[in-house]
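1. fold the following for me, if possible:
(chains A and B)
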Amino acid sequence: MSAELEMLSAAAERLFTDHVTSELFARIDAGEWPDTLWQQVEVVGFTGAELPELGMLIAQIAGRYAAPIPLPETILACSLLEKSGLVVPSGVLTIALEGKVTISDQGLLSGAASHVPWARRAGHMVVVLGNTLALVETAQCTVLPGENIAGEARDEVRFDQVPVVAMTGGVSQSAAYEQAALLRGAQIAGGLEKILAMTVQYAGERQQFGRPLAKFQAIQHHSAVLAGHTAAACAAVQAATDQLDSFAIAAAKACASEAAGEAAAIAHQVHGAIGFTAEHALHRHSKTLWAWREEFGNEVYWNARLGARVAAGGGDALWPEVVGPRG
Amino acid sequence: MPQPSADNLRFPPPHLPGEAENLRAEVRAFLADSFRAEPWSRNSDFGTGFAPEFTRKIAAKGWVGMTWPKKYGGGQRSMLERYVVTEELLAAGAPVFAHWIADRQSGPLLLRFGTEAQREALLPRITAGECFFSIGMSEPDSGSDLASVRTRAEPCAGGWRLNGTKVWTSNAHCNHFMITLCRTGEAGADRHGGLSQFLIDLKSDGVTINPIINMLGGHEFNEVVFDDVEIPADRLIGKLGDGWNQVTSELAYERSGPERFLSNFHIFRALTDAVGASPDARQAEALGRLASRLWTLRCMSLSVAAMLEAGESPEVEAAIVKELGNRFEREVVETARTILPLQPAGQENSNQDDFANMMAEAILRLPSFTLRGGTTEIMRSIIARGLGLR
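-> Numbering: from 1, shown residues only, chains lettered A, B, ... in the order given. Predicted structure coming up:
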């Protein structure tokens, strides 16, 4: 990692450590929006973090803290708008990549988008339809609240002849979906790092049968397997960020999504009953892992795409595909 | 040195230098030509194909001992270039076992700890593809617990006298030398003292090589018995009593190499062809899962290789690659049998289905992958220590 990225990474760690606290989660659970946290990430410029490298790194660090804000979504929306040469509105942004939305010749959107992250808090929304990118004001739409298993806002958005603020062609919905998937993969990688660290710490502190859990070989081996899942997801996401092609991104999100479930199960097993309580922080992280592994394609979705590609290429093409460079 | 913790698991995205990618093209062209001229039965398990002729051909290309100094016949190429050659050979299922141990383990050990005379005598023969090595570590009563070896060398006139028994010695009946770990003094409190390594000529008087037939019915393993074998004094490798340190560094060289996850690549490749271009949903998902895991493992393994090349010691990361990689090797076979039903056949049969025969062999070889080169349990213990749990 470059010195600049190291510095930004340390700054992000400090910011989330200071602001993403158990008190903050208590306020979030009571329905509050974390305004101070959002202002902080805006002030330091993380909302405009450039993709791929810095944006993915920030998403991974946000994932470590289960930061309850649409930071990856805003990063992606900014990036898509900037690449299209459009003006980036200030404030919370989100992206709508799933659902059935059409756009008329007059530039009016109709239909519905599903699972739009934090639509209710976003001033503007980037909707990608085929090759078209449309920027709309959320206030012009009907937002029906919903949430994922971790309690993060995932709203349904209805469009009834909603005028676009700006629009452009020449974008790719599948490429945007891949970037969103990789951002979720980065969040998963961060979440896995967190539950591994929590598990190792808990195993060292918790005493049973007169010794720390860490001294039991069964716990050591559980933790080693957890470390393997974590390492694989982190390595895959970082390598995909580096290679940035469809093969690598599919593999990375599949790997991260599969690791999420396996790792969360181990972390809970080692934590025992305390990890099952609302009081203990583990559930913040296991819940986000269980949510993020499904979002923008789970492992079944991405593996199936990859498998179709591998099968079409045949045995002779398999090794060159794995190694790259890929066309 | 950083404190052990979860934060130390790092796999920076690897980048191969341009010369390594040029070399890859050369290796692929060579392998394609060689296969066309004289096809081999593809098997990506490094421990299956013993072919001195083929070894001499790749030695002539400069691909055995390729990282070693030129004065010993090496090519002074980088570890990453060597990585490329190794993964291409394995992916092609080429027979590499004749030179495998000498190239990756015994030669580097001699370079690091051997005397100048030992290097001059042996390394040029290895790089010429003429001299093959066995490993002499395990014993009937010492498997994972290597520090408990009982084979003993006693000083005698002109050198040492060796007595004891080594087991699981692959190809001792074909190879020229063994580097053996034996006891030369008291173990001490940490159990790691008093061990030394010697170079043993497998044709010496007093060496008896008995086959150990494996569960496939094949003769690869041996029991090697030393009965008053006289070892000249100049056959000690490294320092007397320093064998434990030498042997652990020897094991760490290649714990995370491509051979730790590619052993069943020939099955994956054949499976891809057998499924064909129009897979059903389940087949597509299963093939994709294997591809995503393989891609991830290769990124991790290459990342470790780049760290080794940079002079770092990613011991925990390497153990993670082996633990995950060996599991993947099993998943390839288990996946194949669930998406493409077949009846793996025994040896006595008129079954002409190549894939079923290939699967039968792979199923029978699987149990060895999570044992050789350090068991999965040992890997997990190394990882746990790296996490600060032990």
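2. sec struct for the residue of the stretch 101-250 of chain B found nearest chain A, please.
-> Nearest residue of the stretch 101-250 of chain B to chain A (Cβ to the nearest Cβ) works out as residue B:144 at 13.2 Å. For glycine as for every other residue, the C-beta is placed from the backbone atoms N, C-alpha and C. Three-state assignment for residue B:144 (DSSP: H, G, I helix; E, B strand; the rest coil): coil.
3. quick one, what contacts it?
-> Neighbour list for residue B:144: B:374, B:375, B:377, B:378 [criterion: Cβ atoms under 8 Å, 6 or more residues apart in numbering or on different chains].
4. that one and residue B:168, how far apart?
-> Separation of residue B:144 from residue B:168 (Cβ to Cβ, to the nearest Å) stands at 12 Å.
5. among the contacts of residue B:144, who's most crowded?
-> Neighbour tally across the contacts of residue B:144 (other Cβ atoms under 10 Å in any protein chain shown): the maximum, 22 neighbours, falls on residue B:374.
6. what residues are up against that one?
-> So residue B:374 contacts B:144, B:251, B:255, B:319, B:322, B:382 (Cβ under 8 Å, 6+ apart).
7. confirm it sits in a helix?
-> No: Residue B:374 is assigned coil when assessed by three-state DSSP, not a helix.
8. what pLDDT does it get?
-> The model reports residue B:374 with a pLDDT of 91.
9. what about it, distance to residue A:128?
-> For residue B:374, the distance to residue A:128 equals 49 Å [Cβ to Cβ].
10. re earlier: need the contacts of residue B:374 in a markdown table with secondary structure, distance to residue A:141 and pLDDT, can you?
-> Formatted as a markdown table, those follow (DSSP: H, G, I helix; E, B strand; the rest coil; distance: Cβ to Cβ, whole Å; pLDDT from 0 to 100):
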| residue | secondary structure | distance to residue A:141 | pLDDT |
| --- | --- | --- | --- |
| B:144 | coil | 63 | 89 |
| B:251 | helix | 62 | 74 |
| B:255 | coil | 55 | 89 |
| B:319 | helix | 52 | 96 |
| B:322 | helix | 52 | 97 |
| B:382 | helix | 54 | 94 |
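11. if I look at residue B:292, how far off is chain A?
-> Distance of residue B:292 to chain A, given as Cβ to the nearest Cβ, to the nearest Å: 4 Å.
12. got a list of what residue A:241 touches?
-> A:52, A:53, A:56, A:182, A:186, B:13.
13. out of the residues you listed, which are buried?
-> A:52, A:53, A:56, A:182, A:186, B:13 (16 or more other Cβ atoms under 10 Å in any protein chain shown).
14. what are the ranges of the strands in the stretch 1-150 of chain A?
-> A:93-96, A:99-103, A:108-117, A:124-129, A:132-137, A:142-144 (DSSP state E, counting those that start in this stretch).
15. actually the stretch 1-150 of chain B, sorry about that
-> Going by DSSP E, counting those that start in this stretch, the stretch 1-150 of chain B shows strands at B:133-136.
16. try the stretch 151-300 of chain A
-> Going by DSSP E, counting those that start in this stretch, the stretch 151-300 of chain A shows strands at A:154-163, A:166-168, A:207-208, A:211-212.
17. now the longest one: buried residues?
-> Within strand A:154-163, the residues scored as buried using 16+ other Cβ under 10 Å are A:154, A:155, A:156, A:157, A:158, A:159, A:162.
18. tell me the bridge partners for the fourth one.
-> Each beta-bridge partner of residue A:157 is listed here: residue A:113, residue A:143, as defined by DSSP bridges.
19. residue in the stretch 51-200 of chain B with the shortest distance to chain A?
-> Of all residues in the stretch 51-200 of chain B, residue B:91 sits closest to chain A, at 4.4 Å by Cβ to the nearest Cβ.
20. near that residue, how many other residues are there?
-> 25.
21. which residues does residue A:181 contact?
-> Shown in contact with residue A:181 (Cβ under 8 Å, 6+ apart): A:249, A:253, A:296, A:297, A:302.
22. tell me the pLDDT at residue B:1?
-> 35.
23. chain B: helices as residue ranges?
-> B:18-37, B:52-60, B:79-91, B:97-101, B:107-113, B:116-127, B:243-252, B:265-275, B:281-309, B:315-339, B:354-369, B:376-386 (DSSP state H).
24. same question for the stretch 101-250 of chain A.
-> A:173-205, A:217-243, A:246-271 (DSSP state H, counting those that start in this stretch).
25. switch the ones you listed over to a markdown table; also include mean pLDDT.
-> Formatted as a markdown table, the helices of the stretch 101-250 of chain A follow (pLDDT from 0 to 100):
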| stretch | mean pLDDT |
| --- | --- |
| helix A:173-205 | 98 |
| helix A:217-243 | 98 |
| helix A:246-271 | 98 |
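26. residue B:369 is nearest to which of the ones you listed?
-> Of all the helices of the stretch 101-250 of chain A, helix A:217-243 sits nearest to residue B:369, with 16.0 Å by Cβ to Cβ.
27. domains in the chain, by residue range?
-> Using chain A. Domain ranges of chain A: A:3-168, A:173-323, per automatic domain parsing.
28. actually it's chain B I care about, not the one you picked
-> Following automatic domain parsing, one finds the domains of chain B at B:6-131, B:135-248, B:255-386.
29. so which of those domains is the most packed in?
-> Of these, the one with the most neighbours on average (mean count of other Cβ atoms under 10 Å in any protein chain shown) is domain B:255-386, at a mean of 21.
30. if I look at the residue of the stretch 151-300 of chain B found nearest chain A, how far off is residue A:300?
-> Here the stretch 151-300 of chain B gets closest to chain A at one residue, residue B:288, 3.1 Å apart by Cβ to the nearest Cβ. From residue B:288 over to residue A:300 the distance is 9 Å, taken as Cβ to Cβ.
31. least reliable of the helices of chain B going by mean pLDDT?
-> Across the helices of chain B, helix B:243-252 gives the lowest mean pLDDT, at a mean of 83.
32. so for the residue located most distally from the centre of chain A, what's the pLDDT?
-> No residue in chain A sits farther from the centre than residue A:210, which is 40.6 Å out by Cα atoms, centre = their mean. In this model, residue A:210 is scored at 97, pLDDT.
33. who's in contact with residue 186?
-> In the absence of a named chain, this looks at chain A. Residue A:186 touches A:56, A:57, A:59, A:60, A:63, A:72, A:237, A:241, counting by Cβ under 8 Å, 6+ apart.
34. right idea, wrong chain: chain B
-> Counting by Cβ under 8 Å, 6+ apart, residue B:186 has contacts B:193, B:194.
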